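>>> okay, here's the prediction I keep looking at, along with the sequence it came from:
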Amino acid sequence: MARIAGVDIPDNKRGEIALTYIYGIGRNRANKILEKAKVDCNIKAKDWTDDQFAAIREAIQEYRLEGELRSEVQSNIKRLQDIGAYRGIRHRIGLPLRGQKTKNNARTRRGKKRTIANKKKATK
């Protein structure tokens, strides 16, 4: 397993898929990086030569990735919370930010269902 930007790149995956294991690189950006490094995107990561690894590392240098990107995202969220923006408040209470309905769905943000105690049935 090779390491790029502090992340272990899986050997048995194609190049464009292997690069997506790095936070901040999706399929589109992975293809651009491989194109800039002049590496075929269909070659598996274990078949890359040392020169190709060096070219990929060089191409990746221009992007903000991993820890730096994570801290930037967290600081943006904290800024929204500090100024009391709508999105910041939704972040704080763990609800969807972009106008989605929450009556039926939104389980990803709201968490697992919690049953509220059953109402007592009226006796006759």
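That came through fine.
>>> can you list the domains in this protein?
2-60, 67-110 (automatic domain parsing).
>>> deepest of those, which one?
Highest mean neighbour count of the domains of the chain: domain 2-60, a mean of 17 (counted as mean count of other C-beta atoms under 10 Å). Placement of C-beta: from N, CA and C, glycine included.
>>> over to the residue minimising distance to the centre of the chain. Which of the three states is it?
Centrality entry for the chain: nearest residue to the mean C-alpha point is Y23, 5.8 Å, by C-alpha atoms, centre = their mean. With DSSP: H, G, I helix; E, B strand; the rest coil as the basis, Y23 sits in coil.
>>> find the nearest non-adjacent residue to it, please.
Of all residues not flanking Y23 in the chain, E66 sits nearest, at 5.1 Å (C-beta to C-beta, 6 or more residues apart in numbering).
>>> can you name the residues that contact the one you found?
5-7, 22-24 (C-beta atoms under 8 Å, 6 or more residues apart in numbering).
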